[in-house]
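>>> Here is a sequence with its predicted model. Questions after.
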There are 2 protein chains.
Amino acid sequence: MIVLAVDCMGGDHGPKVTLQACRQFLDRHPDTQILLVGQPYALSGFQHDRARIVPAAEVVTMDDSVEVALRRKKDSSTRVAVQQVKSGEAQVAVSAGNTGALMAISRYLLKTIDGIERPAIATQLPNVKGRATTVLDLGANVDCTAEHLLQFAVMGSALVSVLNDDPAPTVGLLNIGEEVIKGSDEIKRAGELLRSAAKAGDLNFVGNVEGNDIFKGTADIVVCDGFVGNVALKTTEGLASMIMQFLREEFTRNIGTKLAAIVSYPVLSALKKRLDHRRYNGAALLGLRGLVFKSHGSADALAFEEALVRAYDAARHQLLERVQARIAHAAPLLAESAAAVPTPHADA
Amino acid sequence: MIVLAVDCMGGDHGPKVTLQACRQFLDRHPDTQILLVGQPYALSGFQHDRARIVPAAEVVTMDDSVEVALRRKKDSSTRVAVQQVKSGEAQVAVSAGNTGALMAISRYLLKTIDGIERPAIATQLPNVKGRATTVLDLGANVDCTAEHLLQFAVMGSALVSVLNDDPAPTVGLLNIGEEVIKGSDEIKRAGELLRSAAKAGDLNFVGNVEGNDIFKGTADIVVCDGFVGNVALKTTEGLASMIMQFLREEFTRNIGTKLAAIVSYPVLSALKKRLDHRRYNGAALLGLRGLVFKSHGSADALAFEEALVRAYDAARHQLLERVQARIAHAAPLLAESAAAVPTPHADA
C-alpha cells in the first residue's frame, strides 16, 4: 500500500480541485491511501474508505515569503503534509502551493542527502523523439554555482535512470551556444566539472546544449540554474497556449475553415493531447531525504491527478533509495568538486 | 537613399543566401543601395546597379573567440561592414555572423552612447494581442547588473516608441514570479531601479513578468539578462518547430487525416505563416553610436531579407537619433543608478 500525503489547500483552486483529483486517483489506484491535509471544515465533505483527514490550521499563500511560511505558519497544510513523510506516515507528499515555501519546508524538515547542498526541482517536457527531456532546476535555486549544477546533473541522472531504466542517461548543460567558450564564468566552470565527471565514468555528459535542444531531445537531462529553467518552462507554456489560440482563430475564421475544423477534429484533438501541459504536471523535488512532488499552482483536477500519479510511481519504484544509491556512488566526485576547484582563469 | 552595409560572408550559408536576399531586397526597395562586404571572388558574380563590392579578405567563423575576431582578423567582412557605418558610408550594417564577434566589433568601432555601459540585442516576438513583444537582451551580456537591466529598459523603450509610435510603451522585468520578493538579489535590485525610474516618469514600468507573459503581450518590452533571453528565444524556436512537426505527423497518419490536411490547407498555411520565425528575423544592437542589425545564423534568403528590411526601417525612421534623444532624456536617471545604489538589504 502506497500512502500519499496531499496538501489539499495549495494551488490556485484549493480543495475544489485537489479533492476531485484525489477521488479519481483513489478510484483508479486500489493499492493507495491518501492523507488529506488541510483545514477540516474545508475537507469534511470528502468521504472515501482509503482517505482520512490530517488537520492543519493554516494555509501558505502564494504571496507568503519563505520566512513567513517557515517561521510563522508552523501548522500550515504544506508543512503538515511534508511532516507526514518525515514521520513515515506517508511515502510521498504532493502540493500545488507556493513553490519557495514547499522547498524551504521540505529542506528544513527532511534535510538534504549527503553530498547535495541544494535540492532541485525536476520535470519532464516532451521532445520530437517521442521521449521526455528531464529539465532541472526549475526555480528552487535562483543563483547556482558550478558545483550545484554538477549536483543537479547527478540527481537528474539518478531520476532518469530510474524512470527510463537506463543506467547512463545523457546529460547536457544549458548554455547560449554549443562551443566550450560560451557562457558566463560559472557556466564554463560547470562544463569543466561535468567533463571531469564524465571522464571518471559518473555521468554521461554530452556537452553544452541550447534552448531548442530541450525539444529536440539532444540529451535526456538538461541542467540549468533555477531562474533560467523557470523562464524556459513558462516561456514554453506561453508559446504553446498562443499556438493553440492561433489554431482556434484560424479554424473559426469562416465557414470553410470551420468545416475544415470538423474534418480535422481527430487530428486536432490528438495534437492537443500531445501538447497538453497538464499531462506533464508533477515535478520532483530532488536531493531530499524524502519524496516530495510539486504540482503547478494553476492545475485543474486532471493535472493534479497527473502529479499524484507521478508521486505514486516514484514511491512504488523506490525512487528515493535509488537516487540515494546513485549519489552515494558519485560521493567522491561531489566531495572533490565541493572542495577547492581552480577556475579556468586561475591556471590559464 | 538608404545605404546598407551587408556582411555577405556571415551566417551558416554565406553568400549563397545573403546575395539572393540582397537582390530581392534591392528590387523591392528602389530607394536603397547595398555595400556587399566580403571576399571579392565570392561576390563577383553579383551584378546590380545599386550594389557594389567592398572587399574584406577574412571571415569570422562561428567558433572564433571574440579575441580572435577583434585582434587577429582585422580585415574580416564583419568588421569592414561595421566600419562602413562608422565612416558614414552606410547608415546601417547587417550581419548573420558570430554574434559575440559582431557585438565586440560594433562596440569597439562605434562605441556606446553616453549613459550606456553595455549594448544589448533586442528582437520582437509575436503575442496573442496581435502585436509584438520586444525582448532584450538576447545574448550580448551573460552577466548583468541591475544597472544594466535599467539601461536595457530605457533602450528598449526608445526602440519601441519609435517602432510603434507610442511615447510610453510598457516595460516588464522578466522574473520567476510576479511578486516583488521573487528572484535573485540582482533582479530585486533591478526592480527597485525600474520602480524609481517609473516614479520619475522616465519609464512605463508594469512590474515583474514571467516567461509566458512574452506571448501574452503583458508588456511591450520584456527586459532580462542575455543568458536568460537567449535561452528563452531558443526554447521558443525549439517548441515551435516541435509543434509544426507534430502537426505534420498527425496530418499524415492515415488516409483520413491526409484528406483533412488537404481541406485544412489554407488554415495550416496561415498558421505556419503566423509562427514562421523567419518573419521575426533581424535583431537590433542597441546602445551603440551607429545602427547594426543581427540576423539569425541559420537564416535562409527570406529570413535574411527580413533582417535587411528591419535595418532599412530603422535607418529611414532615424532610430539612432531617436534612441539617443530618449537616452539623453533619461541621463540623470542612468547616472544616478550608475553611482552608488543601496541594495534593498542595506536599509531593510
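Yep, that arrived.
>>> Around chain B, which positions in the stretch 51-200 of chain A sit nearby?
A:62-63, A:65, A:100, A:126-128, A:139, A:142-143, A:174, A:176, A:179, A:181, A:183-185, A:187 (C-beta under 8 Å from any C-beta of the partner chain). (Glycine included, C-beta is placed from N, CA and C.)
>>> number of nearby residues for A:Pro332?
Residues near A:Pro332, counting by other C-beta atoms under 10 Å in any protein chain shown, number 12.
>>> Pull out the buried residues from the helix or strand where it lies.
Taking DSSP states H and E as the criterion, A:Pro332 maps to helix A:331-338. Neighbour-count burial for helix A:331-338 flags A:333-334, A:336-337 (criterion: 16 or more other C-beta atoms under 10 Å in any protein chain shown).
>>> Between these, which sits nearest chain B?
Of all the buried residues of helix A:331-338, A:Ser337 has the smallest distance to chain B: 21.5 Å, by C-beta to the nearest C-beta.
>>> For the stretch 151-300 of chain A, just list every one of the helices.
For the stretch 151-300 of chain A, helices defined by DSSP state H, counting those that start in this stretch occupy the ranges A:185-199, A:213-216, A:226-251, A:255-263, A:265-275.
>>> Relative to A:Phe25, which of the ones you listed is closest?
Set against A:Phe25 and scored by C-beta to C-beta, those come closest in helix A:265-275, at 19.6 Å.
>>> and the angle for that closest one with helix B:255-263?
For helix A:265-275 against helix B:255-263, the angle between stretch directions is 100 degrees (axes from the mean of the first three to the mean of the last three C-alpha atoms, to 10 degrees).
>>> which residues sit in contact with A:Asp156?
If you look again at residue A:156, you'll see it is Gly, not Asp. Applying C-beta atoms under 8 Å, 6 or more residues apart in numbering or on different chains to A:Gly156 gives the contacts A:120, A:122, A:134, A:136, A:169, A:171, A:221, A:223, A:286.
>>> Closest one of the residues you listed to chain B?
Nearest to chain B out of those is A:Val223 (C-beta to the nearest C-beta; 12.4 Å).
>>> Contact partners for the closest one?
A:136-137, A:149, A:152-153, A:156, A:171-174, A:190, A:194.
>>> From the residues you listed, keep the buried residues only.
Among those, the ones that count as buried by 16+ other C-beta under 10 Å are A:136-137, A:149, A:152-153, A:156, A:171-174, A:190, A:194.
>>> and which of the residues you listed is nearest to A:Gln39?
A:Asp137 (31.4 Å).
>>> The closest one and A:Ala120 touch, don't they?
Yes - with contacts counted by C-beta atoms under 8 Å, A:Asp137 reaches A:Ala120, the gap being 3.9 Å.
>>> overlap in contacts of those two?
Here A:Asp137 and A:Ala120 have A:152, A:226 as joint contacts, going by C-beta under 8 Å, 6+ apart.
>>> hmm, back to that, pipe the buried residues of helix A:331-338 into TSV and attach distance to chain B and pLDDT per row.
TSV is the format used below for the buried residues of helix A:331-338 (distance: C-beta to the nearest C-beta, whole Å; pLDDT from 0 to 100):
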residue	distance to chain B	pLDDT
A:Leu333	26	77
A:Leu334	24	77
A:Glu336	26	76
A:Ser337	21	73
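>>> Output those in CSV; the columns should cover distance to B:Ile243.
Formatted as CSV, the buried residues of helix A:331-338 follow (distance: C-beta to C-beta, whole Å):
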residue, distance to B:Ile243
A:Leu333, 38
A:Leu334, 38
A:Glu336, 42
A:Ser337, 38
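>>> Which of these sits closest to A:Arg79?
A:Arg79 lies nearest to A:Leu334 out of these, by C-beta to C-beta, at 28.9 Å.
>>> wait, isn't the closest one in contact with A:Gln151?
Yes - in terms of C-beta under 8 Å, A:Leu334 counts as a neighbour of A:Gln151; the distance is 6.3 Å.
>>> Which neighbours do the two have in common?
Common neighbours of A:Leu334 and A:Gln151 (C-beta under 8 Å, 6+ apart) are A:115-116.
>>> quick one: the residue nearest the centre of chain A from A:Ala307, how far?
The centroid of chain A falls nearest to A:Ala283 when counting by C-alpha atoms, centre = their mean (2.1 Å). Distance of A:Ala283 to A:Ala307, computed by C-beta to C-beta, to the nearest Å: 8 Å.
>>> ok so, going back, which one of the helices of the stretch 151-300 of chain A lies closest to B:Leu291?
So among the helices of the stretch 151-300 of chain A, helix A:226-251 is nearest, using C-beta to C-beta, at 28.2 Å.
>>> Packing partners of the worst-scoring helix or strand of chain A on mean pLDDT?
Comparing every helix and strand of chain A by mean pLDDT, DSSP states H and E singles out helix A:331-338 as the least confident one, with a mean of 76. Under the contact criterion of 3 or more C-beta pairs under 8 Å, 6 or more residues apart in numbering or on different chains; DSSP states H and E, helix A:331-338 touches helix A:146-164, helix A:185-199.
>>> Right, I'll leave it there.
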